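J.: coordinates for the following, if possible.
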Amino acid sequence: MWIRRFHAVADPAGRLVCFPHAGGSAPFFFPLSQELSASAGPGRPGVEVLAVQYPGRQDRLGEPAVTSIAGLAEGIATALLPWGGEPLTFFGHSMGAVVAFEVALRLRARGQDGPVRLLASGRRAPSRYRQRQDVHRRDDAGIVAELRQLAGTDSRLLGDEEILRMILPAIRADYTAVETYRSAPDAVVHCPVTVFTGDVDPQVTIDEAQAWRGHTTGAFGLRVFPGGHFYLAEDPGAVIAAIRAELAASPPVSAPAVSHPAASVPTVPALAAPAEVSPEPSQAASSRTSAR
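T.: Numbers count the residues shown, from 1 in each chain. Next comes the predicted model:
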């Protein structure tokens, strides 16, 4: 099963489909699901989060990990069929951002409704590549060294050889998928795209984040947060507030699905500052296992 629903919401105000980073898993989004599923007050239902679980990890450990973005996108697009016709917002972090992008393209190619909004977090635009993309070719020690450098993995996991033996195959597969990924330069989605990024993320420059503008026919926005590649775990409250704002700009679940919502959805201002809220406790740090 590709989709996890941690908190079911009756008549939700919206549905957010979350795509993990390389080496990540669906529980990374458990705190987000917990926050968004809660009612915002009388007559204001919560948002239901659908978290994607890639093969080769946790309860899918017995399945072979997928080594291509295309393979992941095909499986996820099929798994989302039960929600066909409902307005979905996609949120993908790092590798998950390009997986979400490719799922949106495939849904459109199949004649189905794609997402009403795409939130691309911690990832340069699909058409932007970097020369040094060799982590998936390294030995196990080389991959672990990369994880330590990016500070995206709990140090306790990296020091446990038994756990490493279990998680490294999936991490290597994910790095293979994202480092060999190539998008058509003119590939576009037909919904608004908002990019979330950390201001000191070594994986994404502001220019690379801005380049997502060329991959949508809809509105484009950029939200810059303090922090590195895992800025969303450093100050989850601010990120949750920003996601709430994005969801509020998207059609509600009860609204009919539309093919080109960009005309009726306001643009998120470039470099818009997220709303200031008190940070909430996060379980994300214990769930993240990579940084792409």
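
J.: list the residues that contact Gly71.
T.: Residues in contact with Gly71, defined by CB atoms under 8 Å, 6 or more residues apart in numbering, are Ala177. C-beta here means a position set from N, CA and C on the backbone, and glycine is covered the same way.

J.: helix/strand/coil for Gln165?
T.: I think there's a mix-up here, since residue 165 is Arg and not Gln. helix (DSSP: H, G, I helix; E, B strand; the rest coil).

J.: just want to check the distance between it and Arg124.
T.: Between Arg165 and Arg124 the distance is 31 Å, computed by CB to CB, to the nearest Å.

J.: the more surrounded of the two?
T.: Arg124 (24 against 10; other CB atoms under 10 Å).

J.: where's that one relative to Cys18, distance?
T.: Separation of Arg124 from Cys18 (CB to CB) stands at 20 Å.

J.: same question for Asp207.
T.: Taken as CB to CB, the span from Asp207 to Cys18 is 26 Å.

J.: out of these two, which sits in the busier spot?
T.: A count of neighbours by other CB under 10 Å puts Cys18 above the other of Asp207 and Cys18, at 27 against 10.

J.: confirm that the more buried one sits in a helix.
T.: No - going by three-state DSSP, the assignment for Cys18 is strand, not a helix.

J.: quick one: it and Gly92 touch, right?
T.: Yes - using CB atoms under 8 Å, Cys18 is in contact with Gly92, at 7.3 Å.

J.: so who does the nearest residue to Phe225 once chain neighbours are set aside touch?
T.: Spatial nearest neighbour of Phe225, excluding adjacent residues (CB to CB, 6 or more residues apart in numbering): Tyr231 at 4.5 Å. Contacts for Tyr231 (CB under 8 Å, 6+ apart) come out as 122, 196-199, 201, 225, 239.

J.: Ala211 touches Arg128, doesn't it?
T.: Yes - using CB under 8 Å, Ala211 makes contact with Arg128 at a distance of 5.2 Å.

J.: ok, the spatially closest residue to Ser39 that is not a sequence neighbour - contacts?
T.: Counting by CB to CB, 6+ apart, Ser39 lies nearest to Gly46, which is 5.3 Å off, once chain neighbours are set aside. Counting by CB under 8 Å, 6+ apart, Gly46 touches 7, 9, 12-13, 36-40.

J.: contacting residues for Thr194?
T.: Thr194 is in contact with 117-120, 220-223, 246, 268, counting by CB under 8 Å, 6+ apart.
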